[in-house]
Structures are given as C-alpha cells and as structure tokens.
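Peer 1: structural data only, the sequence is not supplied:
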C-alpha cells in the first residue's frame, strides 16, 4: 500500500500554479490507440471469460543453475505460485515445489550446487520466512518461529554465504545476518538500533550500507563500518533529497548510490569509500530505478523508468560502455539475469497484449533469443486485446497528469462505450505500460480504461511526487475526477457512464470519490481500500517501524494536529454521502488494510440503501495471489459493472 522511500523512485511535473485548466476535451483530437484512430469503424472481438485471462501463466524470477543448463523461476501454473525449473535449451517447466496454499517465491540457486533459496508467507500475512530446498527435495526453514518477518538479501560475491534480515529480535527493526552455504551457520553482521533499513554488504564483510528515512521522499544513506564500529552519514544534505544505496563495486572501493540531489529525477553516482569523492555515472532524463552488477562484476545492469516503461541498459564495468541487448518485436525487455560466467543472459519481455515471457541468449553469437515460455492462454487471440498508450491531460489547476489509456476495438463515435478510471496503489505507485489481466478483461468486455497517474505518483519527478503530501483525498482526487474529461475527449466514451476502480490506496481513492465527490462517478469498485485513516495509520505493521515517522510526515500524524484532516478525508466518516453502487473485495489476512476497514464501509453504505456487494477472501492478504480467487474476484467486477454501469440508462 505505502511506498518505501528507499525503494520508490522520485518523479516529475511542472509545479502547479493558480491558473485555469488548459485542457478542453472538445479541442482534443481523437486518441490513437493500438495503431488505430479512435474514430475508425468499430471491430467486433471475441468475448473471453475471466478464467480465460487467468489461465494465462505468470512467471517471475530467473536464476541460472551453476552449470548454466537450466533456469529457476516461480510460476502459478497450478493456480498457486511454486518453484519450477526450465531447461535453457527449451522444454517444459518442471515443478520443484508443490505448495497448494502459500505462494513460493524463488530467490536463486546456490552458486555451486542446485540447492535454492525461496520465501513464502502464510495466507498472505506478509510474514515471510526464508527457506532452502535441499538437493534431495526436502525443504528447510532457515528462519523458524512465529510472529516475525524474514527477508533474503542475496548471495555475497564469493558464494560462501548469503544475507538474511529479520525482525525476530525487535519487531520494529530488521537485523542483518550472514548465513553460510555450508551448514547454514548464522553470523550477525548488523544489529539495528532502530530507524535504519539494512542494505548491501561489501564483499569483505566490512561495510553495511543503510537507509534512514526522513520522509517518504527524503532519505540518507549511512555506512556502518564493522571494523571500527562507526556509522557515518554519506549523504548529509539540506532540503529534500532522496538517496538510496545500490551495490558495492566488485573491487570494494566504492558504493553506488541513487540520488536526486539538485535534479528532478534520480541518477546513479559512485561514492569512493576512501576519499568520499562522488562521480556521476548515469543521469538520464527519467528516473534511474535500479542498478545491479552481473555475477562476475563485468557488467552493470541499469533500469530506467522512462514514461511508464522500463528501459534496460547493460553497461561494461567500469568503462560504462553500452552493450547491445537482444530485442523482441513489439515487446519491452523488463529484467535481465546473468549466468555464473556472464556468457549468457535470461530476460523477460512483455507488452500490453503479452504477459511476461522468458527468453535466453548469449550476449554475442546467437542470431535471436530463444523463447522458453508462452504465457498467454492459447485460447486468447492477441489481436482481440488492445495496446495501452500514454495519454496526458491538464488537470483542474493546469498540472499535466499522465496515464495509460485503453480503448475497446468496438469503440467509435457512433458506438460510445462505458469507461473505468483505474487508480493505482501507493500512494506513490505508478500505472505502467505492460500486461494487466484485469485491464484487458475489462476492455475485452467493452469498457474503456484510463489507468491514471495522479499527482503523487512515481516516475515523473520529485516535484510531482510530493504534490499530494498531506493533500490526499483532495489534490490527487481532483486529478482522478478531472480525468473524466480526457475520456470524454476521445470521442468514443459515453461520459454519462464512467466508473472508478482501484486497489489499496487506489481503493481509498474509490471510497473518497464516492464520499467526497459523490456524483463524479456512476459506480465504485474498492479492492482492499482504506476507509479510516486514523485507524490505518495507527495499525501500521510493526515491521514498518523504521518508516512510521516518514509516513506520518507525508500522510499526517493520526495522534496529533493532522487527525482533524485525516478524519475529514476518511470515507467512513462521510459514508452517509455514498449514493452510487459499490463493490468491495478484501483479503481476510491483509496486514496493511485490515478487514475491519472494508467491513465498516460496507455496513455504512448499506444503511444508505444503495446496492453494495462484498466479497472476503479468507486465504488472501494485501493482493490476491491464488488463481481461483482472482477469477472469482475479477469476474465479480465485470458482473457488477455490467449490471450497474454498462446497462445504466440515466444518472
């Protein structure tokens, strides 16, 4: 739900001024989507059932075996995520785990044998543990116990050990441990006094990089020296600057950092540990979202968040010469994994009409990448799906707001379709171009979708990112409401039939729209959204202790003067204003947005006599991981919209 400042990327836009909106829908040309003009004649497509979209297989993670002959991935082929192995020369995936309840997320093969690390929680409660699958197929919990969270931090470069962090000692702080690959002996590396997030560790184990938040867009990088016992701030600054550690260089001489100091976007710098000298390595016109070294340290992989798409660059280290990446027609490469010798890479490619598929190739010498997976359900014709296109509008105060627009093939000026404004989570998340099964399901069933990046979203500069601070449910909600004009301006959307949907913070925005702007949308679909900010901010999970004050600085302190505003923007205290049909989906094990948030808003809305539907999933948390639940939940969304939006004839 909430953004972590040390992981989130700062963003852009021109600061808002006191000017009249410059966007006028009637003056906009028809929006071109999927290679066609929206004024073109409609084209009929086959309608697919919700289960058709969720028979599409999801893959995640990619780790080469030590000999490079196979790749370890996570897949939901059975309906629940498990670990699978895929031959690098191609072939059917083979299951290595058989969980029928909890999602298995692979972390990677051991460097010298085919044991592998994975994580899983219990029913979506986010209390992950770190496991090893042994060579004989048995599974071992390396972090046994109850009521705490453990996270995998990666293998150290020499391959003799890996990192695990856990809040077992103090539920509000994560301590860092080194775990031996031979016998799993655990050695403490850093005991957290509170307020820090442990990060990368130098190859010689001397240094631990730490993040300390001031606010959700202002953070410092600290360096803990295990030899001297000192902890030093590497990024002392005035004003608002976001800093985050990336990785220590292979020679251990420097630490790579992300920073937005003096710039709207985050860029990559090298900080010399001996001298403190800082050198800018890469400063594009968008945020550098991440960077990591390959297995040998010969290459540096950098991801750039370029207008809601991931632009990947592979650079030779230390010269920073760019290496040509393989291409896949009509798709974006979104992640890269190297073999142990750096001779080959595996990567995922995706597009609006194509789920993530795994490819493998040599960096040189192969004519074309070898495709290892075919994720899309073969019953679905890609031509029946649509491409998303970045579309912008001027909001109520002149601020330019971006988003991703999807128009059904059958939409035309003579066949205007209903629409849904989709709001992402965060509040600092970002709607991105790529495969989204819910969006494609809705568009396939005749709904236009605008996936809006209202102010406060990541990816567009730190000014835009901070525009919603302590203005939630007001400044950002204004953008969401104003996006209706973009939809009307396409010329193919029925402006009298527009609904709103969203999950997490996006679910809050749905409820805020139905209570604070009660006639702006015709229906609302709330997926585990906040209804009472006072309770939610007080019930932050304990493992978020290090960022509690940063969240309060952005959203407001529920125990102080901000409580008045938080109550004012909380849908629960305005529920008597709900007059539009409402669908609510909720996971019973959600630790971020407690089930009571949905229980109470549903009860309050029902007292108004409006149509309200409510589905609780007993085995899910903050997000629905199981295929059967996805089919049920997202199928219910289509049924609800068909009844209350598509067939609606008057306001």
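Peer 2: Sure thing, it's come through. Source: prediction; values computed, not measured.

Peer 1: need the contact list for the spatially closest residue to residue 93 that is not a sequence neighbour.
Peer 2: Nearest in space to residue 93, with sequence neighbours left out and distances taken as CB to CB, 6 or more residues apart in numbering, is residue 84 at 4.1 Å. Where C-beta positions appear, they are placed from N, C-alpha and C, glycine not excepted. Neighbouring residues of residue 84 by CB atoms under 8 Å, 6 or more residues apart in numbering: 72, 73, 74, 75, 77, 93, 94, 95, 96.

Peer 1: so for the helix or strand containing the third one, mean pLDDT?
Peer 2: Same thing as residue 74. Element membership of residue 74, judged by DSSP states H and E, is strand 70-75. Model confidence over strand 70-75 averages 98 on the pLDDT scale.

Peer 1: same question, stretch 167-183
Peer 2: 97.

Peer 1: how long is that stretch from one end to the other?
Peer 2: Start and end residues of stretch 167-183 are separated by 22 Å (CA to CA, to the nearest Å).

Peer 1: equivalent analysis for stretch 270-285, please.
Peer 2: 19 Å.

Peer 1: direction included, what does the strand holding residue 74 pair against?
Peer 2: strand 59-64 (antiparallel), strand 82-87 (antiparallel) (DSSP bridges).

Peer 1: closest one to residue 545 among the ones you listed?
Peer 2: The closest of these to residue 545 is strand 59-64. By CB to CB, the value is 28.2 Å.

Peer 1: what does that closest one contact?
Peer 2: With contact meaning CB under 8 Å, 6+ apart, strand 59-64 is reached by 70-75, 81, 88, 105-109, 116, 335, 337-340, 344, 346-348, 356-358, 373, 375.

Peer 1: strands of the stretch 451-600 of the chain, residue ranges please.
Peer 2: For the stretch 451-600 of the chain, the strands defined by DSSP state E, counting those that start in this stretch cover 493-503, 524-527, 582-587.

Peer 1: could those strands be laid out in JSON lines, adding mean pLDDT?
Peer 2: Shown next, in JSON lines, are those (pLDDT from 0 to 100):
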{"stretch": "strand 493-503", "mean pLDDT": "98"}
{"stretch": "strand 524-527", "mean pLDDT": "98"}
{"stretch": "strand 582-587", "mean pLDDT": "98"}
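
Peer 1: number of nearby residues for the closest residue in space to residue 646 that isn't next to it in sequence?
Peer 2: Of all residues beyond its chain neighbours, the one nearest residue 646 is residue 418 (5.3 Å), with distances taken as CB to CB, 6+ apart. Residue 418 is flanked by 27 other residues according to other CB atoms under 10 Å.

Peer 1: mind giving me the packing neighbours of the helix or strand hosting residue 418?
Peer 2: Here residue 418, judged by DSSP H and E, is contained in strand 417-423. Judged by 3 or more CB pairs under 8 Å, 6 or more residues apart in numbering; DSSP states H and E, strand 417-423 is in contact with strand 448-452, helix 475-489, strand 493-503, helix 505-516.

Peer 1: now do the last one, average pLDDT.
Peer 2: Over the span of helix 505-516, the pLDDT mean works out to 98.

Peer 1: output the contacting helices and strands for it.
Peer 2: Partner elements for helix 505-516 (3+ CB pairs under 8 Å, 6+ apart): strand 417-423, helix 475-489, strand 493-503, strand 524-527.

Peer 1: would TSV of those with distance to residue 610 be doable?
Peer 2: Shown next, in TSV, are those (distance: least, CB to CB, whole Å):
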stretch	distance to residue 610
strand 417-423	18
helix 475-489	19
strand 493-503	14
strand 524-527	10
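
Peer 1: relative to residue 200, which of the ones you listed is closest?
Peer 2: So among those, strand 493-503 is nearest, using CB to CB, at 31.1 Å.

Peer 1: how about the closest one: buried residues?
Peer 2: 493, 494, 497, 498, 499, 500, 501, 502, 503 (16 or more other CB atoms under 10 Å).

Peer 1: which two from those end up farthest apart in space?
Peer 2: 494 and 503 (24.7 Å).

Peer 1: so which of the strands of the stretch 451-600 of the chain gets nearest residue 172?
Peer 2: Smallest distance to residue 172 across the strands of the stretch 451-600 of the chain (CB to CB): 23.5 Å, for strand 582-587.

Peer 1: contacts made by the closest one with the rest, please.
Peer 2: Here strand 582-587 makes contact (CB under 8 Å, 6+ apart) with 124, 514, 523-529, 593, 595, 597-599, 601-602, 605, 610-617, 620-624, 633, 636-637, 640.

Peer 1: strand partners of it, parallel vs antiparallel please.
Peer 2: Going by DSSP bridges, the partners of strand 582-587 are strand 524-527 (parallel), strand 612-617 (parallel).

Peer 1: adding distance to residue 211, write the ones you listed out as a markdown table.
Peer 2: Shown next, in a markdown table, are those (distance: least, CB to CB, whole Å):
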| stretch | distance to residue 211 |
| --- | --- |
| strand 524-527 | 30 |
| strand 612-617 | 33 |
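
Peer 1: surely residue 302 touches residue 283?
Peer 2: No - between residue 302 and residue 283 there is no contact under CB atoms under 8 Å: 11.3 Å.

Peer 1: what's the closest non-adjacent residue to residue 191?
Peer 2: Excluding its sequence neighbours, the residue lying closest to residue 191 (CB to CB, 6+ apart) is residue 175, at 5.2 Å.

Peer 1: what angle do the strand holding residue 418 and helix 505-516 make?
Peer 2: 110 degrees (axes from the mean of the first three to the mean of the last three CA atoms, to 10 degrees).

Peer 1: chain center to strand 417-423: distance?
Peer 2: Its chain's C-alpha centre and that of strand 417-423 lie 21 Å apart, by CA atoms, centre = their mean, to the nearest Å.

Peer 1: whatever helix or strand comes next after that strand - contacts with which helices or strands?
Peer 2: Using DSSP H and E, the helix or strand that directly follows strand 417-423 along the chain is helix 437-444. Counting by 3+ CB pairs under 8 Å, 6+ apart, the packing neighbours recorded for helix 437-444 are helix 50-54, strand 400-406, strand 448-452, helix 627-641.

Peer 1: could I get those as CSV with mean neighbour count and distance to residue 368?
Peer 2: Shown next, in CSV, are those (neighbours: other CB atoms under 10 Å; distance: least, CB to CB, whole Å):
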stretch, mean neighbour count, distance to residue 368
helix 50-54, 21, 29
strand 400-406, 25, 29
strand 448-452, 27, 32
helix 627-641, 19, 32
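
Peer 1: check contacts around residue 616.
Peer 2: Contacts of residue 616 (CB under 8 Å, 6+ apart): 586, 587, 588, 595, 598.

Peer 1: follow-up on the earlier one: closest to residue 442 out of the strands paired with strand 70-75?
Peer 2: strand 59-64 (23.3 Å).

Peer 1: what mean pLDDT does the closest one get?
Peer 2: Averaged over strand 59-64, pLDDT sits at 97.

Peer 1: re earlier: please name the residues that touch the residue nearest to residue 191.
Peer 2: Applying CB under 8 Å, 6+ apart, the residues near residue 175 are 165, 166, 167, 168, 169, 188, 190, 191, 192, 198.

Peer 1: which element, helix or strand, includes it?
Peer 2: Element membership for residue 175 (DSSP H and E) is strand 173-180.

Peer 1: and after that strand, which helix or strand comes next?
Peer 2: strand 186-190.

Peer 1: tell me the angle of that next one relative to strand 173-180?
Peer 2: Interaxial angle, strand 186-190 versus strand 173-180 (the same axes, to 10 degrees): 140 degrees.

Peer 1: pLDDT of the helix or strand just after strand 186-190, averaged?
Peer 2: Per DSSP H and E, the first helix or strand lying C-terminal to strand 186-190 is strand 197-201. Strand 197-201 shows a mean pLDDT of 97.

Peer 1: now do stretch 623-643: distance to the chain's middle.
Peer 2: With CA atoms, centre = their mean as the basis, the mean position of stretch 623-643 lies at 20 Å from the chain mean.

Peer 1: whoops, I mixed them up, stretch 207-219
Peer 2: Worked out by CA atoms, centre = their mean, stretch 207-219 lies 20 Å from the chain centre.

Peer 1: give me every residue that touches residue 177.
Peer 2: Here residue 177 is in contact with 163, 164, 165, 166, 186, 187, 188, 189 (CB under 8 Å, 6+ apart).
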